[in-house]
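Peer 1: this one's structure only:
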């Protein structure tokens, strides 16, 4: 029984270390070098939410 508990603790420590290494290695993301040229548009959608427009009536 003690062997299983020790094995479980070792596996948990290994998983935690592997997670930290993976996040440090690739967790910061990728920022593109080229900037956006056009602003973001949502087509012909309203600039306010439907709920706020509905509450004004």
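Peer 2: Done, it's in. All values reported here derive from a predicted model rather than from experimental measurement.

Peer 1: list the buried residues of the longest helix along the chain.
Peer 2: Using DSSP state H, we find that the single longest helix of the chain is helix 2-26. Across helix 2-26, burial judged by 16 or more other CB atoms under 10 Å covers no residue at all. C-beta: built from backbone N, CA, C; applies to glycine.

Peer 1: now that helix: average pLDDT?
Peer 2: Mean per-residue pLDDT for helix 2-26: 91.

Peer 1: what do you get for stretch 43-57?
Peer 2: 62.

Peer 1: for the remainder of this discussion, apply numbering that starts at 8.
Peer 2: Fine by me, first position is 8 from now on; the one you just mentioned is stretch 50-64.

Peer 1: tell me the secondary structure for residue 50?
Peer 2: coil (DSSP: H, G, I helix; E, B strand; the rest coil).

Peer 1: number of residues surrounding it?
Peer 2: Around residue 50 there are 4 other residues, counting by other CB atoms under 10 Å.
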